[in-house]
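Colleague: model this:
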Amino acid sequence: MKKASSIIFLILTFFLIFFLQANIFQNFTIAGVMPNLFVIFILFVGLSANTTLGVTFGVITGLMIDIVYSKNIGITAIMLCVIGYLGAYFDRNFSKENKITIIVMIAVATIIFESGYYALNAIMLGFDAEMMQFVKILLIEILYNILLTILLYPIIQKAGYGMDRTFKKNNILTRYF
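Modeller: Have a look, this model is predicted:
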């Protein structure tokens with residue numbers, strides 16, 4: 001029952017993030033760049049739940065985003081799947097207790113997502129890569145994602161503890177001692 005309610009919580013969180021990304025953050029861009037809340041969300045799922053749920057939510061979320069916004073179905077799904085797996089990898093190899101570690105994880109996940117997304121789009125659509133413009137957008141998005149993570153960290157941390165107890169059947173603190 002707890003797992004079902006946690007999954008329902010994640011689904012509702014997805015719809016909230018989808019609404020925020022589509023309606024609110026379009027008005028709060030920095031140099032035309034919006035944060036990518038989906039990278040933060042899928043990384044959180046991979047860190048807090050397990051590999052299967054992180055990858056599954058990554059694929060489903062990516063497909064829904066691609067269906068609504070993209071010409072190519074599957075690129076976002078592939079990259080968010082990678083981020084879900086990356087979250088589970090980070091969970092196994094790094095501590096989630098340190099805010100600096102979480103910030104580095106968000107930065108790495110944003111770099112991997114945007115680089116892969118840009119490369120796959122360049123291959124599929126056949127456009128010339130403009131690296132200076134890409135790097136500018138990437139740096140702004142990394143800073144934006146980090147800023148939002150810092151602001152939302154208490155909420156993310158509390159929800160993460162609950163998800164960790166539900167899906168991993170252990171207390172986070174006992175894993176490190």
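
Colleague: C-alpha only now, for contacts and for neighbours.
Modeller: Noted.

Colleague: List the buried residues in whichever helix in the chain runs longest.
Modeller: For the chain, the helix with the greatest residue count under DSSP state H is helix 131-168. Buried residues in helix 131-168, counting neighbours by 16 or more other CA atoms under 10 Å, are found at 137-138, 140-146, 149, 153, 156-157, 159-164, 166.

Colleague: Which other helices and strands does that helix contact?
Modeller: helix 2-19, helix 37-48, helix 99-125, helix 172-175 (3 or more CA pairs under 8 Å, 6 or more residues apart in numbering; DSSP states H and E).

Colleague: Which positions within the third one qualify as buried?
Modeller: Buried residues in helix 99-125, defined by neighbour count with 16+ other CA under 10 Å: 102-103, 105-107, 109-117, 119-121.

Colleague: Ok, stretch 78-98 next?
Modeller: Judged by neighbour count using 16+ other CA under 10 Å, the buried positions of stretch 78-98 are 78-88, 90-91, 96.

Colleague: Quick check, central residue of the chain?
Modeller: Centroid-nearest residue in the chain: V39, 2.0 Å away (criterion: CA atoms, centre = their mean).

Colleague: ok, the closest residue to I142 other than its chain neighbours - contacts?
Modeller: In space, and not counting its chain neighbours, I142 is closest to A107: 5.6 Å by CA to CA, 6 or more residues apart in numbering. Contacts for A107 were tallied using CA atoms under 8 Å, 6 or more residues apart in numbering; they are I142, N145, I146.

Colleague: Counting neighbours, what do you get for K71?
Modeller: Around K71 sit 11 other residues, with neighbours defined as other CA atoms under 10 Å.
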